[in-house]
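# Structure here, sequence nowhere to be found:
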């Protein structure tokens, strides 16, 4: 089937129709200053929080096409800090993060889905201490000149051998660790 375009107006209309149906492309972002990656748990019933001061986030995202999104986060495990010197040094040992053997953790995900409440979710993979397991991240998206992704996840530490051995007692430290992040983004 061939289409004959006989007037400049027909050509313009055909071009406009093609552009209107062209797929949107995701914007590529890098982490900007002001981003945080935190965790929270309990030890002997006492709640404690901590942060990873060094992490790097790369995101490709278009809210109109969340299924095309991609996320990659690299975390320097030695940067974990809770404000308690004994706890912080213990987190670096072989009983927990084993930073001498595993310097980094990595979370990667492809394809997001929009949730009924306007938030998004992705079922990514966390690689920690050489173990790869699925972890779901839910997040809110604020667009604009400097977009912000605010997300939450739950990590089962024992799935990754974090706090194993003498620390495996979930009455002392729960298996589930709450993760929260606020990533300020800039175009890349």
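Structure received. Keep in mind that what you see is a predicted model, and the values were worked out from it rather than measured.

# Just read off the phi/psi values of the residue lying closest to residue 136 once chain neighbours are set aside.
Using CB to CB, 6 or more residues apart in numbering and skipping the chain neighbours, the partner closest in space to residue 136 is residue 123 (5.2 Å). The C-beta positions use only the backbone N, C-alpha and C, and glycine is treated the same way. Backbone torsions for residue 123, taken as degrees, to the nearest 10, come to phi -100, psi 90.

# What separation do you get for residue 123 and residue 129?
From residue 123 across to residue 129, the span is 20 Å (CB to CB, to the nearest Å).

# out of these two, which sits in the busier spot?
residue 129 (19 against 13; other CB atoms under 10 Å).

# dump the residue contacts of the more buried one.
Listed by CB atoms under 8 Å, 6 or more residues apart in numbering, the contact partners of residue 129 are 97-98, 101-102, 105, 160-162.

# Would you mark the buried spots in stretch 30-47?
31, 35, 37, 39, 41 (16 or more other CB atoms under 10 Å).

# try stretch 46-56
Buried residues in stretch 46-56 (16+ other CB under 10 Å): 50-52, 55.

# what residue ranges in this structure score low on pLDDT?
Scanning the chain for pLDDT under 70 picks out 1-25.

# try 80 this time
Within the chain, the segments meeting pLDDT under 80 span 1-26.

# all helices of it, in order?
8-21, 85-91 (DSSP state H).

# so how far is residue 96 from residue 88?
Applying CB to CB, the value for residue 88 to residue 96 is 10 Å.

# more neighbours, the two?
Higher neighbour count among residue 88 and residue 96: residue 96, with 22 against 14, using other CB under 10 Å.

# Go ahead and confirm the more buried one touches residue 162.
Yes - Residue 96 lies in contact with residue 162 (CB atoms under 8 Å); the separation is 5.5 Å.

# Tell me what the closest residue to residue 138 other than its chain neighbours is bridged to.
Once flanking residues are discounted, residue 138 sits nearest to residue 121: 4.7 Å by CB to CB, 6+ apart. Taking DSSP bridges as the rule, residue 121 bridges to residue 113, residue 138.

# Please list all residues in contact with residue 121.
112-113, 115, 136-139.

# and if you look at residue 73?
37, 55-58, 106-108.
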